[in-house]
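Engineer: sequence and predicted structure below; questions after.
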Amino acid sequence: MNAQLQAFNDNPSQPSVFNKNGQVMTNSRDIAAFFGKRHADVLRSIDNLECSAELRQRNFALAEYQDGQGKTRKSYDLAKDGFWLLVMGFTGKQAAVLREAYIQQFNAMEAALQGHLS
């Protein structure tokens with residue numbers, strides 16, 4: 001397991017998580033790629049989540065990226081609880097397999113971070 005995972009993963013067959021100030025995160029672009037969804041649809045799902053302001057503040061950080069044309073676009077960095085809140089609404093057998101893969105990546109990154117603290 002590589003503890004230096006990047007914020008955007010060019011290999012959509014493997015979930016991508018990263019260390020952001022000691023917290024394990026993933027990004028809405030990675031979620032879209034991994035689940036085979038349009039990023040705009042993932043953003044809409046995040047924006048429409050019904051949750052408390054406190055949970056949203058702790059688990060969804062507004063982020064930006066440059067698209068292929070150099071334009072600044074919106075994305076979100078999600079903590080594990082935010083990820084779970086979002087993907088629990090995704091359905092189908094493939095979604096279950098993909099959620100399990102993300103669990104493994106989050107757990108591996110957390111273990112790597114804990115190893116650095118020991």
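Structural biologist: Perfect, I can see it now.

Engineer: how many neighbours does N19 have?
Structural biologist: 17 (other C-beta atoms under 10 Å). Bear in mind the C-beta positions are built from the backbone N, C-alpha and C, glycine included.

Engineer: you'd agree it is in a strand?
Structural biologist: Yes: inclusion of N19 in a strand is indicated when DSSP: H, G, I helix; E, B strand; the rest coil is applied.

Engineer: all helices of the chain, in order?
Structural biologist: Assignment of helices within the chain using DSSP state H yields the ranges 28-35, 39-47, 53-59, 80-87, 93-117.

Engineer: what's the average pLDDT for the third one?
Structural biologist: This predicted structure assigns helix 53-59 an average pLDDT of 96.

Engineer: ok, and what's touching that helix?
Structural biologist: Residues outside helix 53-59 that contact it (C-beta atoms under 8 Å, 6 or more residues apart in numbering) are 49, 78-83, 85.

Engineer: can we see that at 10 Å?
Structural biologist: Residues outside helix 53-59 that contact it (C-beta atoms under 10 Å, 6 or more residues apart in numbering) are 23, 25, 46, 49, 51-52, 76-86.

Engineer: now list the buried members of these.
Structural biologist: Neighbour-count burial (16 or more other C-beta atoms under 10 Å) is assigned, among these, to 23, 25, 46, 76-80, 82-83, 85-86.

Engineer: which residues does the residue nearest the centre of the chain bridge with?
Structural biologist: Nearest to the centroid of the C-alpha atoms of the chain, with distances taken as C-alpha atoms, centre = their mean, sits T26, at 2.7 Å. T26 forms beta bridges with L78, as assigned by DSSP bridges.

Engineer: relative to K80, how far out is it?
Structural biologist: Distance of T26 to K80, given as C-beta to C-beta, to the nearest Å: 8 Å.

Engineer: shared neighbours of these two, which are they?
Structural biologist: Shared contacts of T26 and K80, counting by C-beta under 10 Å, 6+ apart, come down to 17, 102, 106, 109.

Engineer: could these be laid out in CSV, adding neighbour count, pLDDT and distance to V42?
Structural biologist: Listed next are the shared contacts of T26 and K80 as CSV, based on neighbours: other C-beta atoms under 10 Å; pLDDT from 0 to 100; distance: C-beta to C-beta, whole Å:
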residue, neighbour count, pLDDT, distance to V42
V17, 25, 87, 16
Y102, 22, 79, 14
F106, 19, 85, 18
M109, 24, 86, 20
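
Engineer: no further queries at this time; thank you.
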